[in-house]
Structures are given as C-alpha cells and as structure tokens.
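*Asks:* pasted the sequence and its predicted model underneath.
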Amino acid sequence: MGLTMRPSTSSITAVSRTMSAGRDELVTEWASWIERRTAQEPFAHRPVLTRHLGLLVDIVIELAGPVRRKAAQLWLEACAQYGRSAANRGLAAGEVVEEIQHLRELLIRHLSDIIAALPARHSIATVLRLNRQLDKGVAQAVVGYTDGLVQTLFNQNGVPIPLQDEPDREIRTRLEQLEADLEQVRAGAGAV
C-alpha cells in the first residue's frame with residue numbers, strides 16, 4: 001500500500017537540461033575543489049582527472065534523461081574506474097568518497113532553483129532518484145579504489161613503488177572506452 005513516487009518526464013528533462021547548460025561550470029568547480037584539497041601534493045594528473053570528472057558529469061546528465069537505465073550501468077563502471085584512479089593518485093578511501101560526494105553538493109547548488117520550481121511530489125522524487133544514483137556511484141568508487149589498491153599490492157609484491165606513466169596510460173585507455181560507451185548510450189537516445 002506504499003506510494004511510489006516517480007519524477008515526471010518533464011521534471012527529469014528540466015533537470016537534465018539544467019545540468020547540460022551548467023556542465024562545464026560543474027566540471028571546473030569540481031576540479032578546482034579537488035585541486036585546492038590536494039594543493040600540498042603534486043598534481044600531475046590534472047588533465048586526466050578533469051577529463052574523468054567531465055565524463056562523470058556527462059553520465060549524470062544522461063541519468064536524468066531518457067536513456068537513464070542504460071546510463072546507470074555506465075555510471076557504475078565510470079565510478080569504479082574513478083576509484084581505481086584515486087588509488088593511483090595515492091588517496092585514502094575516505095578521500096575518494098569525499099570527492100564523489102562533492103559532486104552531490106555541486107548538483108544541489110546548481111539544481112536548487114529548478115528543483116524548487118517543480119511540483120513538490122516531482123521534485124522530491126527527482127532528488128531521491130539522483131541521490132540514489134550518486135550513492136551507488138560512491139559505493140562503486142570505493143570498490144574500484146579497493147580493487148586498484150589490491151592490484152597494485154599484488155603487482156608490486158606488497159612493496160610500494162613510485163607511480164610511473166603506465167597507470168596514467170591505462171587510465172586514459174579506460175577513459176576512452178568509457179567515453180565511447182557513453183556515445184553509444186547517447187546514440188540510443190536518438191533511436192528512442
């Protein structure tokens with residue numbers, strides 16, 4: 001006898017449009033925040049990190065659109081890869097969570113006006129759906145982080161060694177795959 005709350009198509013379309021319009025600003029703010037947090041560390045990974053953040057924001061935009069079901073799996077894969085990348089950057093697991101959580105804060109700020117303008121039933125449903133996906137992404141980032149850490153330990157016989165170009169190359173290759181997958185998801189939106 002529970003009430004199922006679902007956002008209307010017009011609600012999720014409005015949220016998706018708002019995110020699309022502010023996409024570059026979201027990515028820039030997110031990358032700048034991460035850079036400020038890690039100011040004491042060398043930040044050689046900025047171009048790769050910014051590219052990954054852009055991919056994550058692009059997928060979140062699709063999560064609010066007509067191909068959200070197809071984008072959901074891609075979101076989990078991209079978040080797991082983000083966690084593996086964070087392990088290569090030398091972050092702690094809590095820092096990975098904090099970085100993904102910051103996207104939630106940015107989205108709240110960027111979407112507050114459009115969410116407030118929606119009818120209450122639709123705005124709550126829209127926010128809950130988006131939060132659920134962000135929570136799943138955080139969990140996958142931690143899983144990816146753990147996988148990356150374990151893989152590094154096995155590959156190095158438990159002895160930490162300085163990072164080389166190889167992890168960055170692997171990360172770029174995986175990002176290219178994820179970006180291609182996103183394009184396929186978007187192409188599916190045109191066929192719908």
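*Replies:* That came through fine.

*Asks:* any idea how many residues pack against residue 153?
*Replies:* By the criterion of other C-beta atoms under 10 Å, residue 153 has 12 neighbours. (C-beta placed from N, C-alpha, C; glycine too.)

*Asks:* then residue 147?
*Replies:* Under the neighbour criterion other C-beta under 10 Å, residue 147 is assigned a count of 15.

*Asks:* likewise residue 120?
*Replies:* Using other C-beta under 10 Å, residue 120 has 8 other residues around it.

*Asks:* so it versus residue 126, what's the distance?
*Replies:* Here residue 120 is placed at a distance of 11 Å from residue 126 (C-beta to C-beta, to the nearest Å).

*Asks:* shaky segments in the chain?
*Replies:* Within the chain, the stretches falling below the threshold (pLDDT under 70) are 1-8, 39-44, 154-167, 189-192.

*Asks:* grab the most central residue of it for me.
*Replies:* Among the residues of the chain, residue 56 comes closest to the average C-alpha position under C-alpha atoms, centre = their mean, at 3.4 Å.

*Asks:* OK, contacts around that one?
*Replies:* Under the criterion of C-beta atoms under 8 Å, 6 or more residues apart in numbering, the contact list for residue 56 reads 75, 78, 79, 82, 103, 137.

*Asks:* 10 Å instead, please
*Replies:* Contact criterion C-beta atoms under 10 Å, 6 or more residues apart in numbering gives 26-27, 30, 75, 78-79, 81-82, 100, 103, 137, 141, 178 as the residues in contact with residue 56.

*Asks:* identify the farthest-apart pair in those residues.
*Replies:* The largest separation in those, counting by C-beta to C-beta, is between 26 and 81 at 18.9 Å.

*Asks:* report the buried residues of stretch 141-150.
*Replies:* Within stretch 141-150, the residues scored as buried using 16 or more other C-beta atoms under 10 Å are 141, 142, 144, 145, 146, 148, 149.
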